[in-house]
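Trainee: Need coordinates for the below:
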Amino acid sequence: MRIQSTRNYTLKNNYSTKRKDEFQINNNISNPSFGYMYGVYGGGARTSTTSVSVRTLTWSSKKLNILTSTDSELRNLAEYFHNKSDDAIRSITSEAHNWSSTNAKNAADKLIKFVTPIRDNKAKMLNKANELEIKKGTGVSNVVGQKVRLNNEFISLIAAEKEGLRPNIKNGILIHGASKLKDEFISWLTESSGAVVKTIQHDVANPMKTISEIIKLAKDSEAAFNHSNTRTLIVVKDLDEMLIKPKNRDEVKLVSGFKSFAEDLSEKYHTTLIAKTDKNLDEFEPATIASNRLGVHVDLKDGISEDELKELGSLNSEVKRLDDKAAQVESKFKS
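Mentor: Prediction:
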């Protein structure tokens, strides 16, 4: 008993140094009893260290195929990489070409050439979409609806008048509201009317001159109507400056003069005034914009048009398509 005990002790101690300095025992030992035999697993409990090998995916030059791709293929490839910076693309091509400087540089330059315009175009799309989103926040424009209304209430009556009928056509039209498209609306109205169109500028320094000019044009217009049954539209720029609530006696006389002839323009001279304003209608002398003078009020609301809504949808779809492709870049081109 004493001899065997000494032999075991000596064996363990002689081997313990080697175990500590020279060996790492793990679960790939061909004979697990080796550990038990020489006391490697202390306390009789078996322990092991497991080595797990994880393969790192790298960019594949074969999948990228930059150097031999056609322009069409490179444009498609560039859509996957457009979210990568130029430096990131250079690093990717270096890894894909095993750090071969010439091939890596040529591949990077070639890909970046196609990536750059996609980035620039996407930036423009995002800016435009942002503008339209802000515009959308103000509501939907009513320009189309007001065009339908004016077509029914005014333009169709001019056509009927030209055919020899006697429809009741208003003396004037006032375009107002928050929209920035008043000038465009007036252009549409005059071009669609089939009428003769005259344009004058209100003389703020000499407002009576404006009234005199309107009266002269109206008389000339009646002569033209007698010849061709064609109504005249007089577009008066800045007319609203004359129609606000008077502040002194001279302005009272001026407003009174406007009211006296404006209520007979249509019936007597076959003429209609067209004006616009950015002012609130509460600022006007009520009688000047009453139904028997500037009786058709077109309140244009600012907002996004139907065509712009479609454009916004298209922009958002295209940006999403590019982002979806960019999200697949690693799974598609690494191996």
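
Trainee: Just the strands from the chain, written as ranges.
Mentor: 172-176, 196-201, 232-237, 271-276, 296-299 (DSSP state E).

Trainee: could I get these as CSV with distance to residue 319 and mean neighbour count?
Mentor: Every C-beta, even on glycine, is put in place using the N, C-alpha and C of the backbone. Putting the strands of the chain into CSV (distance: least, CB to CB, whole Å; neighbours: other CB atoms under 10 Å) gives the following:
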stretch, distance to residue 319, mean neighbour count
strand 172-176, 36, 23
strand 196-201, 43, 16
strand 232-237, 41, 21
strand 271-276, 37, 24
strand 296-299, 35, 18
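
Trainee: Any regions of the stretch 51-200 of the chain where pLDDT drops low?
Mentor: The model of the stretch 51-200 of the chain has pLDDT under 70 over residues 51-55.

Trainee: make it 90
Mentor: Scanning the stretch 51-200 of the chain with the threshold set as pLDDT under 90 gives 51-57, 97-101, 135, 137-141, 178-181.

Trainee: any chance you could map the helices in it?
Mentor: Ranges of helices within the stretch 51-200 of the chain are 61-64, 71-81, 86-96, 101-137, 143-150, 156-162, 182-193, based on DSSP state H, counting those that start in this stretch.

Trainee: Could you list every helix and strand in contact with the first one?
Mentor: The one in question is helix 61-64. With contacts taken as 3 or more CB pairs under 8 Å, 6 or more residues apart in numbering; DSSP states H and E, helix 61-64 sits against helix 86-96, helix 101-137, helix 329-333.

Trainee: Now tabulate the strands of the chain in TSV and tack on distance to residue 262.
Mentor: Formatted as TSV, the strands of the chain follow (distance: least, CB to CB, whole Å):
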stretch	distance to residue 262
strand 172-176	6
strand 196-201	14
strand 232-237	11
strand 271-276	7
strand 296-299	13
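
Trainee: Between those strands, which one is closest to residue 213.
Mentor: strand 196-201 (5.5 Å; CB to CB).

Trainee: how about that closest one as CSV, C-alpha atoms only?
Mentor: Extracted in CSV, the C-alpha atoms of strand 196-201 (Å, rounded to 0.1, in the frame of the first residue of the first chain):
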residue,chain,number,x,y,z
VAL,A,196,-60.2,89.6,-76.0
VAL,A,197,-57.8,90.3,-73.1
LYS,A,198,-56.4,93.7,-72.1
THR,A,199,-53.9,94.3,-69.3
ILE,A,200,-53.2,97.5,-67.5
GLN,A,201,-51.2,98.6,-64.4
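
Trainee: which residues are contacting it?
Mentor: Strand 196-201 has contacts (CB atoms under 8 Å, 6 or more residues apart in numbering) with 190, 210, 213-214, 217, 221, 224, 230-238.

Trainee: Pull stretch 282-297 out as CSV, backbone CA atoms only.
Mentor: Coordinates of each C-alpha in stretch 282-297 appear next as CSV, following Å, rounded to 0.1, in the frame of the first residue of the first chain:
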residue,chain,number,x,y,z
ASP,A,282,-62.0,92.5,-44.6
GLU,A,283,-59.6,95.3,-45.7
PHE,A,284,-61.7,96.2,-48.7
GLU,A,285,-64.5,98.7,-49.0
PRO,A,286,-67.4,96.2,-49.0
ALA,A,287,-69.3,97.9,-51.8
THR,A,288,-66.3,97.6,-54.2
ILE,A,289,-66.3,93.8,-54.1
ALA,A,290,-70.0,93.4,-53.8
SER,A,291,-71.9,90.9,-56.1
ASN,A,292,-72.8,93.7,-58.6
ARG,A,293,-69.1,94.7,-59.1
LEU,A,294,-66.3,92.3,-58.4
GLY,A,295,-69.0,89.7,-57.7
VAL,A,296,-67.1,86.4,-58.4
HIS,A,297,-64.7,85.7,-55.6
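
Trainee: Name the residues of it that come out as buried.
Mentor: For stretch 282-297, the neighbour count (16 or more other CB atoms under 10 Å) marks 284, 285, 288, 289, 290, 293, 294, 295, 296 as buried.

Trainee: could you measure the fourth one against residue 254, distance?
Mentor: This points to residue 289. According to CB to CB, to the nearest Å, residue 289 and residue 254 sit 15 Å apart.

Trainee: And for residue 186?
Mentor: The value you get for residue 186 to residue 254, if CB to CB is used, is 24 Å.

Trainee: With residue 248 instead?
Mentor: 10 Å.

Trainee: neighbour-wise, which of those two wins?
Mentor: It is residue 254, of residue 248 and residue 254, that has more neighbours when counted by other CB atoms under 10 Å, with 19 against 8.

Trainee: Surely the more buried one touches residue 246?
Mentor: Yes: with contact defined as CB atoms under 8 Å, residue 254 counts as touching residue 246 (7.1 Å).

Trainee: any idea how far residue 75 is from residue 111?
Mentor: From residue 75 to residue 111 the distance is 10 Å (CB to CB).

Trainee: More neighbours: which of these two?
Mentor: More crowded of residue 75 and residue 111, by other CB under 10 Å: residue 111, with 25 against 14.

Trainee: my read: that one touches residue 74, true?
Mentor: Yes: with contact defined as CB under 8 Å, residue 111 reaches residue 74; the gap is 6.8 Å.

Trainee: Residues that sit against both of these two, list them.
Mentor: Listed as contacting both residue 111 and residue 74 by CB under 8 Å, 6+ apart are residue 66.
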